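[1] build the 3D model from these lines:
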Amino acid sequence: MATSSSRTLDANVGARSAAKTIAQILDAFAESPTWSQADLAARYGINVKALRPHLAALAAEKVLPLARDAEPPHVM
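    The predicted structure is shown next:
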């Protein structure tokens, strides 16, 4: 029988730390001011769908002044 703590651990298997992802995004933009969403996501082993909420949060909090170019989908 699983305990509640083991269920919590099981639910987090494969989960990625949001703080780690955000730190990696900031590191990438320190290295280069322009990234395609696909390249940025691939750099850290996540998909674009997982990347977008982090970019939106950084832009909303004015941590990064991001602009978006839809063709191709770049963030700057």
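[2] next up, the contacts around the residue nearest the centre of the chain.
    For the chain, the residue nearest the mean C-alpha position is residue 51 (3.6 Å; CA atoms, centre = their mean). With contacts defined as CB atoms under 8 Å, 6 or more residues apart in numbering, residue 51 is in contact with 21, 25, 37, 40-41. Any C-beta I mention is one placed from the backbone N, CA and C, and that applies to glycine too.
[3] helices - which of those land there?
    With DSSP state H as the criterion, helices contain 21, 25, 37, 40-41 from among these.
[4] show me the strands in the protein, by range?
    Secondary structure of the chain, counting by DSSP state E: strands at 35-36, 68-70, 73-75.
[5] any idea which of the contacts of residue 51 has the most stuff around it?
    residue 25 (24 neighbours; other CB atoms under 10 Å).
[6] and that residue, what is it in contact with?
    Here residue 25 is in contact with 40, 44, 51, 54-55, 58, 64 (CB under 8 Å, 6+ apart).
[7] now the contacts of residue 51 in a markdown table, with distance to residue 69 and pLDDT?
    A markdown table is the format used below for these (distance: CB to CB, whole Å; pLDDT from 0 to 100):
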| residue | distance to residue 69 | pLDDT |
| --- | --- | --- |
| 21 | 22 | 93 |
| 25 | 17 | 96 |
| 37 | 10 | 91 |
| 40 | 13 | 95 |
| 41 | 16 | 95 |
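[8] where does pLDDT dip in the protein?
    Scanning the chain with the threshold set as pLDDT under 70 gives 1-15, 71-74, 76.
[9] look up how far residue 68 lies from the nearest residue to residue 21 once chain neighbours are set aside.
    Once its chain neighbours are removed from consideration, residue 21 has its nearest residue in residue 54; the separation is 5.4 Å (CB to CB, 6 or more residues apart in numbering). Using CB to CB, to the nearest Å, one obtains 14 Å as the distance from residue 54 to residue 68.
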